[in-house]
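1. Just need the structure, nothing else, for what follows:
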Amino acid sequence: MNIPQPQLLQPHDSAYPAQLQPIFGGLASPDIWYLGNLDLLKAKGVGFCGSRNASEPGLMIAADCATQLSERGIAVISGYAPGVDMASHEAALAHGGNTVIVLPEGINHFRIKKTIKALWDWNRVLVISYFPKEAVWRPDRAMDRNRVIVALSDAVLVLEARDRGGTLNAGYCALQMSKPLFVVCFDDMADGREGNQQLLHQGGIPLRRSRTSGHAELRRIFEILNTPDGVPPARKLSA
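-> Numbering: from 1, shown residues only. Sure thing, here's the model as predicted:
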């Protein structure tokens, strides 16, 4: 599948996401390079953050949440990394949903990964980067990318966070930005989930499994996003 030429979005453009401007402090907002459907920035969206080495239960919960959100017209926003990110993007596309990919590198390095190539639909995908077009991946850029995911999201979902690292940092960013932060509760909060407990202690909203359906209980998210539970809202997004 061919990748179109990246398009430029500048701070003075009307489509530039206003929610990004505060995260750069007193610095001028950067240009954004993008591919795909820019109208997805207007959609309600939930940010997904989690480990590259997430457990199988963590990946299943990510896919479950992304599926439920997609069925209600809510965009899935994540960072295109292995693990939780890709499980979320894939589930959204597989169930007819929209997804926003926030890159930790320049847009010229973007490639459609084999695992989701068959599901790809440029009308339902937006890829964005605020780094220079040729910028390479670096740990600090991955951390900065997480701030953008949080800023673009109406709520943030943390799947598995270690006691340090990017996922934990993203959770704290959500709290600092006063974004509703949902944190998955596991029976065992050790072995790579210590950060979940930290975030819950700091005000994260527990996310548990419904005893009735066996699926993640997202009712609070739907209430916060003002989305009818179980009734997908009509949404028309131009290509």
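2. So which residues of the protein form strands?
-> 7-9, 32-36, 45-49, 75-78, 99-102, 125-129, 155-158, 181-184, 205-207 (DSSP state E).
3. Identify all contacting residues around the last one.
-> Outside strand 205-207, the residues that touch it by CB atoms under 8 Å, 6 or more residues apart in numbering are 65, 157, 180-185, 200, 216-218, 220. In this view, the C-beta of every residue, glycine as well, is placed from N, C-alpha and C.
4. Quickly run through the sheet partners of it, with directions.
-> strand 181-184 (parallel) (DSSP bridges).
5. swap in the first one?
-> When pairs are called by DSSP bridges, strand 7-9 turns out to pair with strand 32-36 (antiparallel).
6. Off-centre distance for the strand it pairs with?
-> 16 Å (CA atoms, centre = their mean, to the nearest Å).
7. repeat for stretch 29-38
-> 16 Å.
8. Kindly report the same for stretch 161-179.
-> Mean C-alpha position of stretch 161-179 versus that of the full chain (CA atoms, centre = their mean) differs by 13 Å.
9. try stretch 42-51
-> 3 Å.
10. would you put the C-alpha positions of it in PDB?
-> The C-alpha trace of stretch 42-51 is given here as PDB (Å, rounded to 0.1, in the frame of the first residue of the first chain):
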ATOM      1  CA  LYS A  42     -12.200  16.600  15.900                       C
ATOM      2  CA  ALA A  43     -13.400  13.200  17.200                       C
ATOM      3  CA  LYS A  44     -13.600  12.200  20.800                       C
ATOM      4  CA  GLY A  45     -10.700  10.000  21.600                       C
ATOM      5  CA  VAL A  46      -9.100   7.900  24.400                       C
ATOM      6  CA  GLY A  47      -5.300   7.600  24.700                       C
ATOM      7  CA  PHE A  48      -3.900   4.100  25.300                       C
ATOM      8  CA  CYS A  49      -0.600   3.800  27.200                       C
ATOM      9  CA  GLY A  50       1.200   0.600  28.200                       C
ATOM     10  CA  SER A  51       4.300  -1.500  28.100                       C
END
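11. I'd like the strands of the chain as CSV, with distance to L69 and mean neighbour count appended.
-> Formatted as CSV, those follow (distance: least, CB to CB, whole Å; neighbours: other CB atoms under 10 Å):
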stretch, distance to L69, mean neighbour count
strand 7-9, 25, 14
strand 32-36, 18, 22
strand 45-49, 6, 28
strand 75-78, 6, 30
strand 99-102, 10, 26
strand 125-129, 15, 24
strand 155-158, 9, 28
strand 181-184, 11, 27
strand 205-207, 12, 17
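12. would a markdown table of those with distance to L175 be doable?
-> Shown next, in a markdown table, are the strands of the chain (distance: least, CB to CB, whole Å):
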| stretch | distance to L175 |
| --- | --- |
| strand 7-9 | 28 |
| strand 32-36 | 25 |
| strand 45-49 | 12 |
| strand 75-78 | 17 |
| strand 99-102 | 19 |
| strand 125-129 | 23 |
| strand 155-158 | 9 |
| strand 181-184 | 6 |
| strand 205-207 | 11 |
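13. between those strands, which gets nearest to A142?
-> Closest of those to A142 is strand 99-102, at 10.2 Å (criterion: CB to CB).
14. and the longest helix that the chain contains, which residues are buried?
-> Looking across the chain with DSSP state H, the single longest helix is helix 56-71. The neighbour-count check on helix 56-71 (16 or more other CB atoms under 10 Å) flags G58, L59, I61, A62, A63, D64, C65, A66, T67, Q68, L69, S70 as buried.
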